[in-house]
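Novice: Make a model of this:
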Amino acid sequence: MIQNTFGLSAEEAEAAKKTVAWQIIMKMMCSLLSGKAWQQNNAGFTIFLTSTQYNEVNFIVLAGGCAALSGLDDAVQLVHK
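Specialist: Sure thing, here's the model as predicted:
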């Protein structure tokens, strides 16, 4: 992931993982992914609520790799209250 995202060689990506900077990069990546996941979630809700007879959602299940992103559950909960 880091190799493709930042245009690094395999050796540079491996070296980056062993530095403190890696933790900073991962926090930035998680923040970016969390934002994109939230946008997809919001778009899904908009489509669902405007194309069905339902006007509220009682439960949200976050699944898959992005579901483990720190803060995503809180962001979704705040928006859909």
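Novice: Show me the shaky parts of the protein.
Specialist: Where the chain drops to pLDDT under 70, the residues are 1-2, 20-35, 66, 75-76, 78-81.
Novice: same thing but at 90, please
Specialist: Scanning the chain with the threshold set as pLDDT under 90 gives 1-50, 52-81.
Novice: how about the helices in it?
Specialist: Listed in chain order, the helices of the chain (DSSP state H) span residues 2-6, 10-17, 20-51, 72-79.
Novice: got the CA coordinates for the shortest one in CSV?
Specialist: Listed next in CSV are the C-alpha coordinates belonging to helix 2-6 (Å, rounded to 0.1, in the frame of the first residue of the first chain):
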residue,chain,number,x,y,z
ILE,A,2,2.7,2.5,1.0
GLN,A,3,4.7,1.6,-2.1
ASN,A,4,1.9,2.4,-4.5
THR,A,5,0.4,5.4,-2.6
PHE,A,6,3.7,7.3,-2.3
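Novice: and that helix, what other elements does it pack with?
Specialist: For helix 2-6, the helices and strands in contact under the criterion 3 or more Cβ pairs under 8 Å, 6 or more residues apart in numbering; DSSP states H and E are helix 10-17, helix 20-51. All C-beta atoms are positioned from the backbone trio N, CA, C, and that covers glycine.
Novice: Try it again at 6 Å.
Specialist: Other elements packing on helix 2-6 under the criterion 3 or more Cβ pairs under 6 Å, 6 or more residues apart in numbering; DSSP states H and E are helix 10-17.
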